[in-house]
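Undergrad: just coords:
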């Protein structure tokens, strides 16, 4: 019996297909969470939320482009967020395409001021019965990645 059979899910495809499936699931999760008001964007806002209510955080997305890789302060924030997520059993992934992420969740509330999308948290809604298939797929993807020592897998968002 496979893990997918135990959880009643379809198996996650292998290799490149597996990665595309995870990217599609992440896209679905972000859209659904934003629609339900369960999305927190920004490194500072995310850190505040994790400090106040870590048990309510279901998933974490860290996003950085190539130009952000040289930002030492951002990398320190990422390291601390990753450690916090691992300590609190919060699944976490990286995305390397901030413009695609902005297209999914929106660039910002105020015109002319870009939204900080370097860290996005998905929280559990107040609805007890909310089950998000995309979140379950991503949790399984993260678990499988950890089994091969990829603690923070990078996901490519679909076109």
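TA: Great, that's in hand. Model, not experiment: these values are computed from the prediction.

Undergrad: Residue 57: how many residues sit nearby?
TA: Neighbours of residue 57 under the rule other Cβ atoms under 10 Å: 22. To be clear about C-beta, it is placed using only N, CA and C from the backbone, and glycine gets the same treatment.

Undergrad: So which helix or strand of this protein has the lowest pLDDT on average?
TA: One helix or strand of the chain scores below all others by mean pLDDT, DSSP states H and E: helix 3-7, with a mean of 47.

Undergrad: Next secondary structure element downstream of that helix?
TA: Downstream of helix 3-7, the first helix or strand assigned by DSSP states H and E is helix 15-36.

Undergrad: Now the element after that next one, going C-ward?
TA: According to DSSP H and E, the helix or strand after helix 15-36 is strand 39-41.

Undergrad: for that next one, packing partners?
TA: strand 119-123 (3 or more Cβ pairs under 8 Å, 6 or more residues apart in numbering; DSSP states H and E).

Undergrad: chain center to the strand it packs on, what's the gap?
TA: Mean-position distance between strand 119-123 and its chain equals 6 Å (Cα atoms, centre = their mean, to the nearest Å).
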